[in-house]
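J.: with the input below, show me the fold.
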Amino acid sequence: QVQLVESGGGLVQAGGSLRLSCAASGRTFSRYDMGWFRQAPGKEREFVAAISRSGGMTYYADSVKGRCTISRDNAKNTLYLQMNSLKPEDTAVYYCAANGLGPRAPLENYDYWGQGTQVTVSS
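T.: Okay, the predicted model is just below:
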């Protein structure tokens, strides 16, 4: 089992930046493909970005492509999401998650989830 704890959320003005972190403990972090998802009030949870176990492959939702960068440090058991040029529509709770099926696995195939961190972007 993998335990995931997100941090780094907060309140930022539009155009600003945040870096989210996800610390993993338990089974070997490098055995899992990792993803970031977000859920805004009244909306379904949606995919943001994913990264393969080695970090060699990354995928992004169209809504964040060019503004966000997902990365991982397997030596530190940590996943990151660098978010730039933030917009009010990026406001949501951001979750990190782990799966063993591949970085393009759909949301329902992610086995382990963190508790989430709130990101609020003011206009």
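
J.: now stretch 72-89: average pLDDT?
T.: The pLDDT scores in stretch 72-89 average 97.

J.: can you tell me the SS state at the nearest residue to Gly8 once chain neighbours are set aside?
T.: Nearest residue to Gly8 in three dimensions, chain neighbours excluded: Leu20, at 4.2 Å (Cβ to Cβ, 6 or more residues apart in numbering). Glycine gets a C-beta too; all of them are placed from N, C-alpha and C. When classified by DSSP: H, G, I helix; E, B strand; the rest coil, Leu20 comes out as strand.

J.: number of nearby residues for Leu20?
T.: 24 (other Cβ atoms under 10 Å).

J.: endpoints of stretch 56-68, how far apart?
T.: End-to-end distance of stretch 56-68 (Cα to Cα, to the nearest Å): 16 Å.

J.: what's in contact with that stretch?
T.: 46-52, 69-70, 81-86, 89-90, 103-104 (Cβ atoms under 8 Å, 6 or more residues apart in numbering).

J.: tell me the secondary structure of Lys43, please.
T.: Going by three-state DSSP: Lys43 is coil.

J.: so which of the contacts of stretch 56-68 sit within helices?
T.: Among these, no residue falls in helices (DSSP state H).

J.: picking up where we left off before, and the residue nearest to Gly8, what are its bridge partners?
T.: Counting by DSSP bridges, Leu20 is bridged to Leu81.

J.: I'd like the distance between it and Lys87.
T.: 16 Å (Cβ to Cβ, to the nearest Å).

J.: residue nearest the centroid of the chain?
T.: Trp36 (2.3 Å; Cα atoms, centre = their mean).

J.: fine by me, thanks again.
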